[in-house]
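[1] build me a structure from this.
(chains A and B, ligands or ions: 2)
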Amino acid sequence: MVLTKDVVLTWLETFARDVEENRAYLTELDGAIGDNDHGTNLDRGFRAVLNSLPDERDKPIDGVLKAVGMTLIKTVGGAAGPLYGTVFLRMASAAAGKEALSEADVGAMLAAGTKGIVDRGKAEVGDKTMLDTWAPAVDAFQEAEASGEDLLAALQAAAGAAEEGMKSTIPLVARKGRASYLGERSAGHQDPGATSSYLLFKDLLSAVEGTAG
Amino acid sequence: MAVGIVVVSHSARLADGVKELAGQMAGAEVKIAATGGGPDDTLGTNAVQIEAAINRVYGDDGVLILVDLGSAVLSAEVAVESLPPERQEHVLISNAPLVEGAVVATVEASIGASLLNVEAAAVRAGSMPKVER
Ligand SMILES: Nc1ncnc2c1ncn2[C@@H]1O[C@H](COP(=O)(O)OP(=O)(O)OP(=O)(O)O)[C@@H](O)[C@H]1O
Ligand SMILES: [Mg+2]
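    Ligands and ions are numbered 1, 2, ... in the order given. Okay, the predicted model is just below:
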């Protein structure tokens, strides 16, 4: 099973809708430990992505992902802009020249996105950031893929690990981003970026499920 | 020529105010660009605007970018990486606090100090005591 461009487009559209639906929730999470804008920021960015998709959909997968990254950098306004922007630009580079992505390609693409978060934000796992969702999700994907699971099963493993990773941020004390100014008081709240990142993995799974039929 | 200064804040008014304050310390030989605020008049930072600000003040002596916090650093890094490679090596993101850093950096730049010396002076400015205790 491969990840086609149509599924990538469905993924982006699904995530844009999901962010819109969860805008208030994501912003509320950010209100507890940040500046109350994560949902608004990301929704602004993915609205712009949705608006630009008609002009981009004829490009190959890497062209679509690159356009998403550039749009996010231009329109998001908070840390999520450079972070998700870098994620999509790195995923684009990893997918360069491929018409469809095999399980191994998807693993490499997601790993490149994770590396983008680390390079950009200098966070480590446990710092209470989006990396706490990405790192275990990508590990779970690659482990499943290495043991011969197909795309759907590997993405199920990834989405499960992403959800656990997201929840793992609740007791953590933030060491990166705005929440780190709160020190100990940041514990007891789920990280907004880790939460939107979980939605991204969940929506990739559902986009693939939709075509697996 | 002198090192150019870019002031980046989440707030456009804060960036403009810091530029005004720093600008008092030097003549027209030091170019200062202020950039702040996200899209739709929100508080935030924007890599595209920062890149444009760098290019407005860029000269042979390079550019020092003063940032406030959080995504200002991330957006400034994206902006620097978007510059042509020959410009990237002459642009530095400062570790100095925004206000003191911008003022001292502007003074240093006005006397023709190199980019690294401007940054060193700006960082030192952050540890200058304000009151005796
Ligand atoms: N250095 C970092 N490394 C990884 N993730 C980070 C970092 N800084 C922030 N984040 C993630 O970004 C999320 C916040 O995104 P948001 O769009 O609200 O930006 P912000 O913090 O408001 O930006 P700003 O710094 O402009 O205030 C956090 O929940 C966290 O997951
Ligand atoms: Mg925020």
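[2] could you use CA atoms for every contact and neighbour count after this?
    Noted.
[3] for residue 2, what are its contacts?
    You didn't pick a chain, so chain A it is. A:100, A:101, A:102, A:103, A:151 (CA atoms under 8 Å, 6 or more residues apart in numbering or on different chains).
[4] wrong chain, I was asking about chain B
    Here residue B:2 is in contact with B:29, B:30, B:31, B:59, B:61, B:62, B:109, B:110, B:111, B:112, B:113 (CA under 8 Å, 6+ apart).
[5] pretty sure it sits in a strand.
    No. Under DSSP: H, G, I helix; E, B strand; the rest coil, residue B:2 sits outside any strand and is assigned coil.
[6] circling back: just the closest of the contacts of residue A:2 to chain B, please.
    Of all the contacts of residue A:2, the one with the least separation from chain B (CA to the nearest CA) is residue A:101, at 27.4 Å.
[7] beta-bridge partners for that closest one, please?
    residue A:3 (DSSP bridges).
[8] check whether it really touches residue A:3, as I assumed.
    Yes. The criterion here is CA atoms under 8 Å, and residue A:101 meets it with residue A:3 at 4.8 Å.
[9] the closest residue to residue B:88 other than its chain neighbours and ligand 1: what is the separation?
    Closest residue to residue B:88 apart from its sequence neighbours, by CA to CA, 6 or more residues apart in numbering or on different chains: residue B:80 at 5.9 Å. Using CA to the nearest ligand atom, to the nearest Å, we find residue B:80 at a distance of 17 Å from ligand 1.
[10] okay, now residue B:80: neighbour count?
    The tally of other residues near residue B:80 (other CA atoms under 10 Å in any protein chain shown) stands at 23.
[11] again, but for the one 5 residues further on
    Applying the criterion other CA under 10 Å, we find 10 residues in the vicinity of residue B:85.
[12] same check on residue A:3?
    Residue A:3: 21 neighbours (other CA under 10 Å).
[13] got a winner among the contacts of residue A:2 for most neighbours?
    So for those (other CA under 10 Å), the most neighbours sit at residue A:151, 25 neighbours.
[14] which ones are touching it?
    By CA under 8 Å, 6+ apart, the neighbours of residue A:151 are A:1, A:2, A:3, A:102, A:103, A:145.
[15] the third one touches residue A:102, doesn't it?
    It stands for residue A:3. Yes. The pair residue A:3 and residue A:102 qualifies as a contact (CA under 8 Å) at a distance of 6.4 Å.
[16] how about the residues of chain B by ligand 2?
    By CA under 5 Å from the ion, no part of chain B sits against ligand 2.
[17] how close does residue B:57 get to residue B:4?
    5 Å (CA to CA, to the nearest Å).
[18] scan chain A for its longest helix.
    helix A:192-212 (DSSP state H).
[19] tell me how far it lies from the chain's centre.
    8 Å (CA atoms, centre = their mean, to the nearest Å).
[20] which residues of chain A score low on pLDDT?
    A:212-213 (pLDDT under 70).
[21] interface residues of it facing ligand 1?
    Neighbours of ligand 1 within chain A, by CA under 6 Å from any ligand atom: A:35, A:37-38, A:41, A:78-80, A:117, A:121-123, A:129-131, A:176-178, A:191-194.
[22] I only care about those that end up buried; give me the ChimeraX line for that.
    The following ChimeraX line selects those of the residues of chain A next to ligand 1 that are buried, judged by 16 or more other CA atoms under 10 Å in any protein chain shown:
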select /A:37,38,41,78,79,80,117,121,123,129,130,131,176,177,178,191,192,193,194
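[23] thanks a lot, see you next time.
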